[in-house]
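Enquirer: Fold the following, please.
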Amino acid sequence: VIGRGSGQYLEDASGATFLDTRNNVGHVGWQHPVVVRAVQEQFARANSNTRYLHPAHAELARRLLARMPAPLARVFFVNSGSEANDLAIRLARTHTGRKGCVVVERAYHGNTCATIEISPYKFFGKGGTGRPAHVRVAPCPDGYRARRAGESEASFATRMAEQVRSAINGLEEDGHELAAFFIESGMSVAGVVVPPSSYLEQIYALVRGRGGVCVADEVQVGFGRLGEHFWGFEQQGVTPDIVTMGKPFGNGFPLAAVVCTDEIAASFANGQEYFNTFGGNPVACAAGLAVLDVIEREGLQQHAFETGKHLRTRLEELAATEHGALIGDVRGSGLFVGVEFVTDRATKEPATAHLSSIVTKLVQEHRILTSVDGPHSNVLVMKPPLAFDKTDVEHFVAALDQTMREVALMDVSAVGHTPT
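Expert: Alright, predicted model coming up:
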C-alpha cells in the first residue's frame, strides 16, 4: 500500500522505501515539486469543465505542437490513454468512412469497448471473446523471437511489413475496408518490443496507399523516454496521421491527448460535437505544462539516453556471467528496457518460474519494484521515472545479480506466475 512518492522512490504505509523501476506514470519523478506546485496553484485559482476557455489550453496545445512534425496541427485533450485511442478510432473511421483496423499481435490500446476490440492482448487473453470481424492482427515485430537466424534487420523489417499487407488483404476479402493501422511505438505488455528500422516506413506507405490512416500510440514511451527522440515514432523516421499519448503527460494527474492533421480534424467537424468534461481542464493543463518544463530544464531526455545506455551495458555484463545465463536478451531504448529470461538460450524456452521468483525476492528482500510482461511472462520490463540515475542502476544490477545467484540454486518447479 503506497503512502507517498519522491523522485524514483515510493514509500509504503509503514514508511518502507522502494526503488521504482516499473512505473512510467511518475514520468519526471514522483511528486516533482514543480508539477505539484503548478497543480496546487491552478486549483486554488480556478478549475472548471472545458465549456470555458482558459489560457492554459492554448498554451499547452502550442507547446505540444511545437514538438510535433508537420502536418500534425490539431490537439484534442482527454483524460487517459484509453480515451485518446478511443477518440483516434473515431477520427480514423469518420475521416475514411470505413471501420477496418489492422493491429499488431500482443498490442494493448486501452480499456474501453472500442480499444479492447483493437487490443489482441485483451481479446485473445483471459475473458476475451476473440478477434472482431473488422480487425486483423499482424505478427509482432519481435527481434528476439520472430527474427530468423542470419536475417538482416532490413530483411526482417520487410518480412514483417509484408505480414501487414496480408492482414489488409484479409480485411478486404471479408468486406471490411481499412480505416487505420495502430501500433504502439514501444510495446510494453508485449515484452518491450521496439520495431526494426524501416518497418513503419514501409507500412505507412502501404496503409496510405490503401486509403487508411496511420496511428502512433505513444502512451507508454512518449515524452523523451526512449532517449534518442522525444516521440517513439521519430526513431522510425515517419510522421503519423494521428498520435495518441497519456500516462506520463500529467505525471500522475489525469491528462492525455490526441494530435492529428488539419484534414482529419476537418472531417471530424461534421456536426456531431466532441465534448469531454474534464479533458484538458485548467489544472490538468497546468500539470502538463509543468511536465514539459521539467523535461526541458532538467535535460531528462538526454538523461534517459545516457542512463538507459549504462543500464543495458550493465545488464549485458551480468548476462555474460555464469549465473547470468538465464538472461536471453537485453533490449530497448533509453529508459524503456526489457530483459528476457530463458532456461536455454538455444531453444529460448521461457524461464517464467525463475523470473517470478526473482521479482518476488527483489521486492521482498531488496525493496525494488519491478514488472513482468511478454506473452510468456518472462520479460522483466523497466520503465522507471526519468529521475532514475546511474546510482540506481548499480543498486538494481547488484540486487539482480545476488538474486539470480540465489534463484539458480532453488527448485522453482512449483512456482507460478507472480502478478506485478
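Enquirer: if we look at the longest strand seen in the chain, which residues are touching it?
Expert: Criterion DSSP state E: the longest strand present in the chain is strand 336-344. Here strand 336-344 makes contact (Cβ atoms under 8 Å, 6 or more residues apart in numbering) with 144, 186, 188, 191-194, 220-221, 225-226, 308, 311-312, 315, 326-332, 348-352, 354-355, 358, 374, 378-383. Every residue, glycine included, has its C-beta placed from N, CA and C.
Enquirer: buried subset of these?
Expert: 144, 186, 188, 191-194, 220-221, 225-226, 308, 311-312, 315, 326-332, 348, 350-352, 354-355, 358, 374, 378-383 (16 or more other Cβ atoms under 10 Å).
Enquirer: What about these, which are in strands?
Expert: If you go by DSSP E, the buried ones among the contacts of strand 336-344 have 327-332, 350, 379-382 in strands.
Enquirer: For residue 419, give me the pLDDT.
Expert: Looking at residue 419, its pLDDT stands at 69.
Enquirer: Residue 233 looks like it's in a helix, true?
Expert: Yes. Assessed by DSSP: H, G, I helix; E, B strand; the rest coil, residue 233 belongs to a helix.
Enquirer: Any idea how many residues pack against it?
Expert: For residue 233, the neighbour count with other Cβ atoms under 10 Å is 26.
Enquirer: Could you verify my assumption that it touches residue 217?
Expert: No. Look at residue 233 against residue 217 with Cβ atoms under 8 Å: they stay out of range, at 9.4 Å.
Enquirer: where do the helices sit along the stretch 251-400 of the chain?
Expert: 262-268, 282-297, 300-319, 352-366, 390-407 (DSSP state H, counting those that start in this stretch).
Enquirer: and of the ones you listed, who's closest to residue 35?
Expert: helix 282-297 (4.4 Å; Cβ to Cβ).
Enquirer: gap between the closest one and the chain center?
Expert: Computed by Cα atoms, centre = their mean, to the nearest Å, the chain-centroid distance of helix 282-297 equals 20 Å.
Enquirer: can you check stretch 246-265 too?
Expert: For stretch 246-265, the distance to the chain centre is 14 Å (Cα atoms, centre = their mean).
Enquirer: For the residue nearest the centre of the chain, give its distance to residue 31.
Expert: Compute the mean C-alpha point of the chain, and by Cα atoms, centre = their mean the closest residue is residue 220, 2.0 Å away. Look at residue 220 and residue 31: by Cβ to Cβ, to the nearest Å, they are 21 Å apart.
Enquirer: Repeat that for residue 103.
Expert: Residue 103 is 35 Å from residue 31, by Cβ to Cβ.
Enquirer: More neighbours: the two, which one.
Expert: Legend: neighbour count by other Cβ under 10 Å for residue 103 and residue 31, higher for residue 103 (28 against 14).
Enquirer: Check whether that one sits in a helix, strand or coil.
Expert: Classified using three-state DSSP, residue 103 is strand.
Enquirer: List the contacts of it.
Expert: 109, 118-120, 135-138, 181-183.
Enquirer: With pLDDT as added columns, please give those in a markdown table.
Expert: Converted to a markdown table, the contacts of residue 103 look like this (pLDDT from 0 to 100):
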| residue | pLDDT |
| --- | --- |
| 109 | 98 |
| 118 | 98 |
| 119 | 98 |
| 120 | 98 |
| 135 | 98 |
| 136 | 98 |
| 137 | 98 |
| 138 | 98 |
| 181 | 98 |
| 182 | 98 |
| 183 | 98 |
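Enquirer: Narrow those to those in helices?
Expert: Of these, the ones assigned to helices by DSSP state H are residue 120.
Enquirer: Please identify which of the contacts of residue 103 is nearest to residue 263.
Expert: Ranked by distance to residue 263 (Cβ to Cβ), these are led by residue 181 at 17.1 Å.
Enquirer: Isn't the closest one up against residue 102?
Expert: Yes. Using Cβ under 8 Å, residue 181 is in contact with residue 102, at 4.8 Å.
Enquirer: follow-up on the earlier one: could you tell me which residues touch both of residue 233 and residue 217?
Expert: Residues touching both residue 233 and residue 217 (Cβ under 8 Å, 6+ apart): residue 185.
Enquirer: which secondary structure elements does the helix or strand that contains residue 57 contact?
Expert: Taking DSSP states H and E as the criterion, residue 57 maps to helix 55-65. Packing partners of helix 55-65 (3 or more Cβ pairs under 8 Å, 6 or more residues apart in numbering; DSSP states H and E): strand 72-78, strand 256-261, helix 282-297.
Enquirer: closest one to residue 241 among these?
Expert: Short answer: strand 256-261, nearest of those by Cβ to Cβ, at 5.8 Å.
Enquirer: just the angle between that closest one and helix 55-65, please?
Expert: Using axes from the mean of the first three to the mean of the last three Cα atoms, to 10 degrees, the direction of strand 256-261 lies 60 degrees away from that of helix 55-65.
Enquirer: i'd like the first residue to be 512 from this point on
Expert: I'll keep to 512 as the first residue from here, and by that count the last item is strand 767-772.
Enquirer: on contacts alone, who are the packing partners of strand 767-772?
Expert: Counting by 3+ Cβ pairs under 8 Å, 6+ apart, strand 767-772 packs on helix 566-576, strand 583-589, helix 592-607, strand 753-756.
Enquirer: in its sheet, what does it sit against?
Expert: According to DSSP bridges, strand 767-772 forms sheet pairs with strand 583-589 (antiparallel), strand 753-756 (antiparallel).
Enquirer: most neighbours per residue, which of these?
Expert: Scoring these by mean neighbour count under mean count of other Cβ atoms under 10 Å gives strand 753-756 as the most buried, with a mean of 29.
Enquirer: rewinding a little: intersection of neighbour lists for residue 692 and residue 613?
Expert: Residues touching both residue 692 and residue 613 by Cβ under 8 Å, 6+ apart: 675, 718, 723.
Enquirer: Since that was my last question, I'll sign off now.
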